[in-house]
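S.K.: return a 3D structure for these sequence lines:
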Amino acid sequence: MDERRQIIRRVFFLLFLLAPLLDAQWRELGPAPIGGTSCTGRVSAIALSSRDDGLYYLAGADGGVWRSRDGGRTWTPLSDHLPTTSIGALALDPSDERIVYAGSGEANFANHSRYGLGIYKSSDGGDSWEVLGAETFGGRCIAKILIDPQNTRILYAALTTAGGLPAYKFDIAGAKGHPLRNGPLGVFKSDDGGRTWTHLGGGLPGNLCVTDLVLNPRDPRVLYAAVGHVFGDANNGIYRTADAGANWTKLGGGLPSSRFGRVALGMAPSDPNRIYASFIQASNATGEAAGTLSVCRTDDGGGSWTAYDPGSIHATYGYYLNVLAVSPLDANTVLTGGVSLWKSTNGGSSWTDVGQGIHVDHHALAWDAAGRLLDGNDGGIFRSDNLGASWTPLNDGLGLIQFYAGLSLDPFQPNILYAGCQDNGTLKRLGPGKADWDAVLGGDGGYTAVQGTMPQNVLAEYQGTGNLFRSTDGGEQFTRSSAGIASGDSNCFLPPLEFVPRTAHLLFYATQRLYASLNGGRLWFPWSPDLTSEPGAAVRGMAIAPSHPESIYVATNDGRVLATHDYGKTWFLSLTNVPGWPRVQRPFAVHPGNHLEAYLAVSAFGVDQALKTTDGGMSWESIDGDLPDIPANTVLIDEEKSPAWLFLGTDRGVVYSRDNGGHWEKFGTGLPNCGVIDIRFDPLNQTLLVATQGRGMWEIAYGRRRNETEMTLPPLRSK
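M.R.: I've put the predicted structure just below:
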């Protein structure tokens, strides 16, 4: 009996160790939508049936393609399994609306507007898909797909670069070094339903972004292309073809001739000779000053134009948001989206703000078969029955939130966590449901930090240096907590923030240098020199060794990795020219029992995406093994397994290794192929949590012992 009992115990112990493999189904946690605001993440494209007023398709910026058959009351994700969930364009075949095209890669030019991997085509309404043009379009983004209504095998695709500024040695940030990122831009044409493509020339620039494309439905040989390189170019402008793309002419006749970047177009369905164009000022090198230049109108198909001044619609970042749509019934009724949404009912002569009551930052406009207006913005999708006088959110069940790195868990309450997300603030999870989330701080939410012994003390931030806030009541109220942080310091948009492990009040915050607080964030003082090598660069990732907090590892967005093992008294340069994503990340994991053993995830193509040091950063070795060439955003170590298990959050979900990086495989099933930006253990629920950019938060059952060991820490050195 004793022998049988021992065998049974061993079997149960083995089952415990293998629990992640046996119960390997990921579960979506939301938010879908955020409670209180009814918002979700960014919608980048909309395609609506012209015959069925309940059939809607939308694309999340990083959330894939979704379908509703009941006018937006319920939604179904259709493309979680495809190579990327980053989508920039949608189109329905007008002769057979079961045929759907989705252009991957979001063409909105922000650092988080990721690369595409081709065009997806479905012939059954989105139930199944094939990938077309992966080698033709990979690494760039599809801004528009048009279908010839008289011959629907003829398609046009407008291409742009992926998002971001060419700064800090990261090339184009959203492309992450994809090998095809510098391929041709402009307009491509297919004569066989998307199977093969031809790059169009004939006077149309092939090396500049085409930000919009419209087609005359009465004469589909006539198209207009908006060439809109966001930093400005002498060849920017509106180009017209009358022979289906063989030859193009740059239009003038009153159009702006210089100083403009992104251009949006809108053609009146009731009068294709009536076209509107919205022009954005050329952006400067820091991605600013891209305000509204003008809205122009032609009534003769582009021969002559009249310019109107709608006022400041796009703030300083019109490169990111510029959209036009004309009423299908009235050529004088036009809407343009920037920060807010504006409407003209007199052909552009005057404008009214109709974006009140819905989320800001508008990217997609369309009319359904019942004549209702749909608007896609940074808070999801909204519908109006009265041209913007009132709005209804359609975001129930729509999980599109783009989280940033820096999620935190309450150590005592199993459902409570905090995380920041793109343009929807810092969120607090209150319960197990997909809508059990509240926004507790605004802006673009970034890092959060929960004080371990007193979890009612929470820190959160929004974009920019020193925009740091502290709550003493579990996120109910926040007060600014940035005293001592120099407002002129550089930042990586959302500065890293970390409590020193198992301490009550000690935190670090990173600009181009580290700041320390000894009192939970009430007062800060500089703790390190400038850790960057270029003006404007900043720290984008930071990790503090749990067993030896004198050891700190940092990554900067000018490609440097540095380390200290004496609480920052001395630093040494560990690596240079490390590519990746220039915004905030959690790229490090330090072994909980050995401060000299650390791991680094590298968010780029064509490099070693997983690195390991065993000597505190003096040297690094690749542990890529058989890892596919996928950018890795974050890494986590489970040292309680023997050998330790390593987890990587990549641009296509989570992979793990049980042999120190020799072999990697997908972890679990059901997680969308979206970017995973943060991974944390949840010891209370015995789960693994991941924050994604585009599909919200997910968890999977994961048996792991909770380590309650307290440590005696060395004293913090004084300045």
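
S.K.: okay, domains of the protein per the record?
M.R.: 9-26+401-701, 31-393 (automatic domain parsing).

S.K.: I'd like the ones you listed laid out as TSV, including mean pLDDT.
M.R.: As requested, the domains of the chain are exported to TSV (pLDDT from 0 to 100):
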stretch	mean pLDDT
domain 9-26+401-701	94
domain 31-393	96
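
S.K.: JSON lines for these, including mean neighbour count?
M.R.: Quick note: C-beta positions are derived from backbone N, CA and C, even for glycine. As requested, these are exported to JSON lines (neighbours: other C-beta atoms under 10 Å):
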{"stretch": "domain 9-26+401-701", "mean neighbour count": "20"}
{"stretch": "domain 31-393", "mean neighbour count": "21"}
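
S.K.: where do the strands sit along the stretch 451-600 of the chain?
M.R.: Per DSSP state E, counting those that start in this stretch, the stretch 451-600 of the chain carries strands over the ranges 458-462, 468-471, 479-480, 497-499, 507-510, 514-517, 525-526, 539-544, 552-556, 561-564, 572-575, 588-590, 598-601.

S.K.: distance to A285 for the ones you listed - can I get that in a markdown table?
M.R.: Shown next, in a markdown table, are the strands of the stretch 451-600 of the chain (distance: least, C-beta to C-beta, whole Å):
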| stretch | distance to A285 |
| --- | --- |
| strand 458-462 | 24 |
| strand 468-471 | 27 |
| strand 479-480 | 30 |
| strand 497-499 | 28 |
| strand 507-510 | 23 |
| strand 514-517 | 27 |
| strand 525-526 | 27 |
| strand 539-544 | 19 |
| strand 552-556 | 19 |
| strand 561-564 | 25 |
| strand 572-575 | 26 |
| strand 588-590 | 30 |
| strand 598-601 | 28 |
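
S.K.: so where does E135 fall, helix or strand?
M.R.: Element membership for E135, per DSSP states H and E: helix 134-137.

S.K.: what helices or strands is the helix or strand just after that helix leaning on?
M.R.: Downstream of helix 134-137, the next assigned helix or strand under DSSP H and E is strand 141-147. With contacts taken as 3 or more C-beta pairs under 8 Å, 6 or more residues apart in numbering; DSSP states H and E, strand 141-147 sits against strand 87-92, strand 100-104, strand 155-160, strand 210-215.

S.K.: need the longest strand for the chain.
M.R.: Taking DSSP state E as the criterion, the chain has its longest strand at strand 271-281.

S.K.: tell me what it is packed against?
M.R.: strand 260-268, strand 292-298, strand 323-326, strand 334-337.

S.K.: can you give me how far it is from the chain middle?
M.R.: Chain-centre distance of strand 271-281: 29 Å, with C-alpha atoms, centre = their mean, to the nearest Å.

S.K.: next, the angle strand 210-215 makes with it.
M.R.: If you take axes from the mean of the first three to the mean of the last three C-alpha atoms, to 10 degrees, strand 271-281 sits at 170 degrees to strand 210-215.

S.K.: can I get strand 271-281 in CSV? Just the C-alpha atoms.
M.R.: Extracted in CSV, the C-alpha atoms of strand 271-281 (Å, rounded to 0.1, in the frame of the first residue of the first chain):
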residue,chain,number,x,y,z
ASP,A,271,-22.1,63.0,-57.6
PRO,A,272,-18.6,61.4,-58.2
ASN,A,273,-17.3,64.7,-59.6
ARG,A,274,-17.7,66.2,-56.1
ILE,A,275,-14.6,65.3,-54.1
TYR,A,276,-13.3,66.7,-50.8
ALA,A,277,-9.7,66.5,-49.7
SER,A,278,-8.4,67.2,-46.2
PHE,A,279,-4.8,68.4,-46.0
ILE,A,280,-2.5,68.1,-42.9
GLN,A,281,0.5,70.2,-42.3
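
S.K.: switch to numbering from 40
M.R.: Sure thing, new numbering starts at 40, so read that last one as strand 310-320.

S.K.: and it with strand 299-307, angle?
M.R.: 160 degrees.

S.K.: strand 310-320: partners in the sheet, and parallel or antiparallel?
M.R.: Applying DSSP bridges to the sheet, strand 310-320 is found paired with strand 299-307 (antiparallel), strand 331-337 (antiparallel).

S.K.: who's in contact with the residue positioned nearest the centre of the chain?
M.R.: Nearest to the geometric centre of the chain sits H151, at 4.2 Å (C-alpha atoms, centre = their mean). When contacts are counted by C-beta atoms under 8 Å, 6 or more residues apart in numbering, H151 touches A100, D101, G202, G213, Q441, Q461, R622, Q732.

S.K.: swap the cut-off to 10 Å and go again
M.R.: H151 makes contact with 81, 100-101, 125, 145, 202-203, 212-213, 359, 441, 443, 461, 483, 532, 620, 622, 714, 716, 732-733, according to C-beta atoms under 10 Å, 6 or more residues apart in numbering.

S.K.: A84 against S125, yeah?
M.R.: No - the criterion here is C-beta atoms under 10 Å, and A84 misses it with S125 at 11.2 Å.

S.K.: confirm Y154 sits in a helix?
M.R.: No - according to DSSP: H, G, I helix; E, B strand; the rest coil, Y154 belongs to no helix; its state is coil.

S.K.: what's the spacing between it and A146?
M.R.: 11 Å (C-beta to C-beta, to the nearest Å).

S.K.: so what sits against both of these two?
M.R.: With C-beta under 10 Å, 6+ apart as the test, Y154 and A146 both reach S125, R179, C180, T200, A201, G202, G213.

S.K.: give me the spatial nearest neighbour of the second one, chain neighbours excluded.
M.R.: Read it as R179. L198 (5.3 Å; C-beta to C-beta, 6 or more residues apart in numbering).

S.K.: these two touch, right, R468 and G69?
M.R.: Yes - using C-beta under 10 Å, R468 is in contact with G69, at 7.9 Å.

S.K.: mutual contacts of these two, please.
M.R.: D475, W476, M736.

S.K.: inside strands: which ones of the residues you listed?
M.R.: Short answer: the shared contacts of R468 and G69 in strands (DSSP E) are W476, M736.

S.K.: switch the shared contacts of R468 and G69 over to a markdown table; also include distance to T652.
M.R.: Listed next are the shared contacts of R468 and G69 as a markdown table, based on distance: C-beta to C-beta, whole Å:
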| residue | distance to T652 |
| --- | --- |
| D475 | 40 |
| W476 | 37 |
| M736 | 30 |
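
S.K.: which of the shared contacts of R468 and G69 lies closest to T391?
M.R.: Nearest to T391, judged by C-beta to C-beta, of these is W476 at 33.1 Å.

S.K.: I'd say that closest one and G484 touch.
M.R.: No - using C-beta under 10 Å, W476 is not in contact with G484; the gap is 11.6 Å.

S.K.: from the middle of its chain, how far away would stretch 291-303 be?
M.R.: Here the centre of stretch 291-303 is set off from its chain's centre by 29 Å, with C-alpha atoms, centre = their mean.

S.K.: can I get the CA coordinates of stretch 146-159 in PDB?
M.R.: Extracted in PDB, the C-alpha atoms of stretch 146-159 (Å, rounded to 0.1, in the frame of the first residue of the first chain):
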ATOM      1  CA  ALA A 146      -1.800  52.900 -41.800                       C
ATOM      2  CA  ASN A 147      -1.900  55.600 -39.100                       C
ATOM      3  CA  PHE A 148       1.800  56.400 -38.600                       C
ATOM      4  CA  ALA A 149       2.000  56.200 -34.800                       C
ATOM      5  CA  ASN A 150       4.700  54.300 -33.100                       C
ATOM      6  CA  HIS A 151       2.100  51.600 -32.300                       C
ATOM      7  CA  SER A 152       0.800  51.400 -35.900                       C
ATOM      8  CA  ARG A 153       2.300  48.000 -36.700                       C
ATOM      9  CA  TYR A 154       3.500  46.400 -39.900                       C
ATOM     10  CA  GLY A 155       1.300  44.300 -42.100                       C
ATOM     11  CA  LEU A 156       1.800  40.800 -43.500                       C
ATOM     12  CA  GLY A 157      -0.300  40.800 -46.600                       C
ATOM     13  CA  ILE A 158      -4.000  41.000 -47.600                       C
ATOM     14  CA  TYR A 159      -6.600  38.600 -46.200                       C
END
